[in-house]
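Participant: just to be clear, the model below is a prediction. Sequence and coordinates:
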Amino acid sequence: MTNKLFQQLVDNYTTMDRAWEMTASQYNFQCKGCEDNCCTSLFFHHTFVEKAFLIHGVGQLAQDIKKEAQDRAKIYYNKTFPAGKMPESRKIMCPLNQDGRCLVYGYRPMICRLHGLPHELHKPGASPFKGPGCPAGQFDSAPYIPFDRTPFYKKMAKIEIKFRQSTGKVGKIKETVAQMLLF
């Protein structure tokens, strides 16, 4: 069942990657990494299926590279989650980023794929939420090109429900990549 759900996840990722690339090209935007890199943002991930898929991708790495990533995850975790204090974004590079590249690019979570572009999200009974995109894109001077994340979130929710049913996972998850690597 997990392989089937992983394939559904990959299909959703492929669709969102294509939509992102199409919208980015309309803005003439290319993410080239910058000082305010999204890989240094404090992102929390909220699906067990994405955690399982990411861990599966990490499992494909050579043992020494995986160990280095886990060592970086410990440093990230200790600096971001000081004992007895609220988590704090310290602009620390994601432990899976090595020399400016994601070690598990094909396995990266949804928020890593969707970040950067101005976007909208439609929640039932609420006004659409609109996000500005990353500062490096200079999107303020361009007309908004619709990039609706809602279909991707809906599909992800369906995959997550099936994953939880097949694995018995319950409760909420709110973890950084570093936490996923350590726990």
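Facilitator: Sure, I can see it.

Participant: can we go C-alpha only for contacts and neighbour counts from here?
Facilitator: Fine.

Participant: in the biggest helix by length in the chain, which residues are buried?
Facilitator: Ranked by residue count under DSSP state H, the longest helix found in the chain is helix 2-27. Residues 5-6, 8-9, 12-13, 16, 19-21, 23-24, 27 are the ones in helix 2-27 that count as buried (16 or more other CA atoms under 10 Å).

Participant: show me the helices in the chain, by range?
Facilitator: For the chain, applying DSSP H gives helices covering 2-27, 48-58, 63-80, 110-114, 150-167, 177-182.

Participant: next, the angle from the longest helix of the chain to helix 150-167.
Facilitator: 170 degrees (axes from the mean of the first three to the mean of the last three CA atoms, to 10 degrees).

Participant: make 43 the starting number, not 1.
Facilitator: Okay, residue one is now 43; in that scheme the one you just asked about reads as helix 44-69.

Participant: now do helix 44-69, average pLDDT.
Facilitator: For helix 44-69, mean pLDDT is 96.

Participant: repeat that for stretch 115-122.
Facilitator: 96.

Participant: pLDDT below threshold where in this structure?
Facilitator: 75, 77-78 (pLDDT under 70).

Participant: just to revisit the earlier point, turn the helices of the chain into CSV, columns for distance to H164.
Facilitator: Conversion of those to CSV gives the following (distance: least, CA to CA, whole Å):
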stretch, distance to H164
helix 44-69, 16
helix 90-100, 22
helix 105-122, 31
helix 152-156, 15
helix 192-209, 6
helix 219-224, 26
